[in-house]
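Chemist: no sequence for this one, just the structure:
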């Protein structure tokens, strides 16, 4: 992989001076950071720090009043969510969103939607291109399922699955899209300690298999410490610190924001 | 490629189709007419199911598409000598395009507000039909000349039945194809939420308009057969109440399920007749309303949902419960 002068991989995502105000309340007050390519990047901060807001800006769910987002050097401002997904930026949500009443396989296959090129009549009637695409989709989905440990559950209805496995399916759908950049919004929320560890291992395994850049948004500092190489800490809509997890967690400003003291 | 399905699965289509073939030979003319009406309803309800049951867009305009199909067939049967196949193609295209127009507001609004907007299209259709009486026959409607293929015409009730059966089966095949197909998954995603759909790369605009177009095309096809089987078309057959009747049939039968449309169609055609035979025809609307309320509260999946629930319970009775998150064993690299 190419590196910059400092020996770091080039930034796949550049966020510059993003400002968002919602109903007169400042959610982001000029946030800037770079996400290095191929990294597992952490975005941490206490509740209300603006983590989900910046995710929403990157995925075009909300439009910032000011600032820019560049992906692989291309300005994204003005493009919609679907265009960004097709460019390779995928995301998950804090709340698990699945196709209820459908199988794990169908849910993972939904992730392949960004590659759909075959038209309506060919989809319904069947065509050589459509069948080739379907075979490719199935192969990718089966590989992702194997990496995440979902192979035996592919034909189960997602409604019948425990919460932790539903989380994994949600993450799996995003990995099935072969993302260049995957934004995971508190993927371990609501899980017990063991399930959090297993989910994190699954994410790391899938990330190393696919080579995707993953931005992990968490308020669980310990999870980011164990997973991420580089992190940014947000607080009150501003970047408080950046660096390795060890560096940012030693930062007095971060300790004050998280624990209310600087010597924790 | 060899057929790997079990013999029972391979036989299933034959077992399901056999009654459709045998039934008309056993029925009297009135029962044959009712069976034909059920099949027409099946097509129209599947169309509604695509837009409402699968894409989650509430529309009360389905009667408009049936009306467009019916009037297209009536007008063509009176002014041209083309076969009914041409009428079907013309009706599907015109109704499909009209449905895209009806669907455009769905890109901006949803839920009840959209339902009201689609209701406006029903009223617009009524206005057009009654205003341009020189073409549509106004409130009196139009008589429909029998159509068909050469000497085989819809003047023979068996031909009408056969046509309705073929189109209902085509609609069923279409919705089965959609079910496990990227388009069906896109519709399911849009039904879940626009946010989920767009975050997976699904174009909500294209998906909703596709759902409306398919819905309209099936409505149009149903309308052509309806016109020929009935022998006449009048605007009274395509009001908002006709649409609501289809919606009730779909909800009773079960939305988003292939057999839901068949069960719903059979219910709305046969139940009024059953009450008439019992000598209490006026009781039907009351009982129907009570059944609908009961189903919405107790069985939101409709009759098909209840049947599917029983089937799933039987299937799951011996199956192990799904496991929680478990460590994934290391895979050997090959």
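Modeler: Perfect, I can see it now. Predicted model only: the values in this text are computed from it and were never measured. Numbers count the residues shown, from 1 in each chain, chains lettered A, B, ... in the order given.

Chemist: Distance of the residue of the stretch 151-264 of chain A found nearest chain B relative to residue B:222?
Modeler: Nearest residue of the stretch 151-264 of chain A to chain B (Cβ to the nearest Cβ) works out as residue A:164 at 4.0 Å. Glycine gets a C-beta too; all of them are placed from N, C-alpha and C. Residue A:164 is 46 Å from residue B:222, where distance means Cβ to Cβ, to the nearest Å.

Chemist: More neighbours: those two, which one.
Modeler: residue B:222 (31 against 20; other Cβ atoms under 10 Å in any protein chain shown).

Chemist: ok, is stretch A:206-217 in contact with chain B or not?
Modeler: No - against chain B, stretch A:206-217 shows no contacts by Cβ under 8 Å from any Cβ of the partner chain, the least distance being 9.8 Å.

Chemist: List the buried residues of that stretch.
Modeler: Neighbour counts over stretch A:206-217 (16 or more other Cβ atoms under 10 Å in any protein chain shown) mark A:206, A:207, A:210, A:212, A:213, A:214, A:215, A:216, A:217 as buried.

Chemist: now stretch A:23-39
Modeler: Applying 16+ other Cβ under 10 Å to stretch A:23-39 flags A:27, A:28, A:29, A:31, A:33, A:34, A:35, A:36, A:37, A:38, A:39 as buried.

Chemist: Which helix runs longest in the chain?
Modeler: Since no chain was named, I'll use chain A. helix A:128-148 (DSSP state H).

Chemist: that's the wrong chain, I wanted chain B
Modeler: helix B:204-230.

Chemist: partners of whatever helix or strand comes next after that one in the sheet?
Modeler: Heading C-terminal from helix B:204-230, the first helix or strand you meet, by DSSP states H and E, is strand B:232-233. Applying DSSP bridges to the sheet, strand B:232-233 is found paired with strand B:142-143 (antiparallel).

Chemist: Would you state the helices of the stretch 101-250 of chain A in chain order?
Modeler: Taking DSSP state H, counting those that start in this stretch, the helices of the stretch 101-250 of chain A run over residues A:104-110, A:120-125, A:128-148, A:163-176, A:193-210, A:221-227, A:245-249.

Chemist: average pLDDT across the longest helix of chain B?
Modeler: Per-residue pLDDT over helix B:204-230 has a mean of 95.

Chemist: Which other helices and strands does that helix contact?
Modeler: helix B:29-48, helix B:62-79, helix B:84-103, helix B:157-179, helix B:182-192, helix B:194-199 (3 or more Cβ pairs under 8 Å, 6 or more residues apart in numbering or on different chains; DSSP states H and E).

Chemist: Let me see the mean pLDDT of the longest one.
Modeler: Translated: helix B:157-179. pLDDT averaged over helix B:157-179 gives 93.

Chemist: Can you check what angle separates that helix from helix B:182-192?
Modeler: 70 degrees (axes from the mean of the first three to the mean of the last three Cα atoms, to 10 degrees).

Chemist: Need the residues that contact helix B:157-179.
Modeler: A:124, B:17, B:20, B:24, B:29, B:32-33, B:35-36, B:39-40, B:42-43, B:46-47, B:49-50, B:54, B:84, B:88, B:148, B:152-154, B:184, B:187, B:214, B:218, B:221-222, B:225, B:228-229, B:258, B:261-262 (Cβ atoms under 8 Å, 6 or more residues apart in numbering or on different chains).

Chemist: Just the buried residues of it, please?
Modeler: Within helix B:157-179, the residues that count as buried by 16+ other Cβ under 10 Å are B:157, B:159-165, B:167-169, B:171-172, B:174-175, B:178-179.

Chemist: quick one, it and helix B:29-48 angle?
Modeler: Comparing the axes of helix B:157-179 and helix B:29-48 via the same axes, to 10 degrees yields an angle of 20 degrees.

Chemist: okay, the angle between helix B:157-179 and helix B:84-103?
Modeler: 40 degrees.

Chemist: re earlier: mean pLDDT and distance to residue B:107 added to the helices of the stretch 101-250 of chain A, as CSV?
Modeler: Output for those, formatted as CSV (pLDDT from 0 to 100; distance: least, Cβ to Cβ, whole Å):
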stretch, mean pLDDT, distance to residue B:107
helix A:104-110, 95, 21
helix A:120-125, 69, 17
helix A:128-148, 89, 26
helix A:163-176, 92, 25
helix A:193-210, 88, 34
helix A:221-227, 83, 40
helix A:245-249, 86, 44
